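Undergrad: No sequence on hand, only this structure:
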């Protein structure tokens, strides 16, 4: 494990960074019909990064409104909101809270706890830090991207349908992707 230092992050600034919704996407993909993938996004979410003096002590918190799911198919989205999948009446949000940040080789790893359908499991997001820049309006921005793969059954999302040709309609593994930009507050 490589130690992440302030010097290793050009422009690093401590403080609270809030998500820039116009430049952020939280998405997912899952195998469909065993031959392709269905992709979707969550359109409503919040995220905050609290950047500490020691980058390893920084904290990331994300809350996703599960009703905001969009797979470009209204009927499928409505089904995903039901008890067969996300049970949004009982579990309206998915959350991620980081527990640690580390570097292994070239990989930036963000460990944390993902809560979906009332089940909390540890996950690691493999990411890339895009950098820090000041926009034309004087706002300090930072960007990062990452992904993790979860088994949906671990979170109680187990609905499926058998296919006449064998196999099942949906794969078990879901890839969650994040492309995020944040704005430093109080600048």
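TA: Received the coordinates, thanks. This one's a predicted model, so the numbers in the text were calculated from it and none came from an experiment.

Undergrad: these two touch, right, residue 97 and residue 112?
TA: Yes: the criterion here is C-beta atoms under 8 Å, and residue 97 meets it with residue 112 at 5.6 Å. C-beta here means a position set from N, CA and C on the backbone, and glycine is covered the same way.

Undergrad: shared neighbours of these two, which are they?
TA: Shared contacts of residue 97 and residue 112, defined by C-beta atoms under 8 Å, 6 or more residues apart in numbering, comprise residue 60.

Undergrad: Tell me which of these two has more neighbours.
TA: Taking neighbours as other C-beta atoms under 10 Å, residue 97 and residue 112 compare with residue 112 leading, 22 against 14.

Undergrad: Now for that one, which secondary structure element holds it?
TA: Secondary structure from DSSP states H and E places residue 112 in strand 107-116.

Undergrad: What is that strand packed up against?
TA: strand 93-104, strand 119-134, strand 140-151 (3 or more C-beta pairs under 8 Å, 6 or more residues apart in numbering; DSSP states H and E).

Undergrad: which residues are in contact with it?
TA: Contacts of strand 107-116 (C-beta under 8 Å, 6+ apart): 4, 60, 86, 91, 94-103, 120-129, 144, 146, 148, 150, 155-157.

Undergrad: now the angle between strand 119-134 and it, please.
TA: 130 degrees (axes from the mean of the first three to the mean of the last three C-alpha atoms, to 10 degrees).

Undergrad: Buried ones in strand 107-116, by neighbour count?
TA: 108, 109, 110, 112, 114, 115, 116 (16 or more other C-beta atoms under 10 Å).

Undergrad: same question, stretch 79-90
TA: Neighbour-count burial for stretch 79-90 flags 80, 81, 85, 86, 87, 88 (criterion: 16+ other C-beta under 10 Å).

Undergrad: Just the ones of those residues in helices?
TA: Using DSSP state H, the subset of the buried residues of stretch 79-90 located in helices is residue 80.

Undergrad: Where is pLDDT lowest across the buried residues of stretch 79-90?
TA: Within the set of these, pLDDT is lowest for residue 85 (83).

Undergrad: mind listing what the residue lying closest to that one once chain neighbours are set aside touches?
TA: Using C-beta to C-beta, 6 or more residues apart in numbering and skipping the chain neighbours, the partner closest in space to residue 85 is residue 157 (5.5 Å). The neighbours of residue 157, taking C-beta under 8 Å, 6+ apart as the test, are 85, 86, 116, 117.

Undergrad: Looking at these, spot the one nearest residue 18.
TA: The closest of those to residue 18 turns out to be residue 116 (C-beta to C-beta; 22.9 Å).

Undergrad: Tell me what that closest one is bridged to.
TA: Following DSSP bridges, residue 116 is listed with bridge partners residue 119.

Undergrad: For it, report the pLDDT, please.
TA: Residue 116 carries a pLDDT value of 93.
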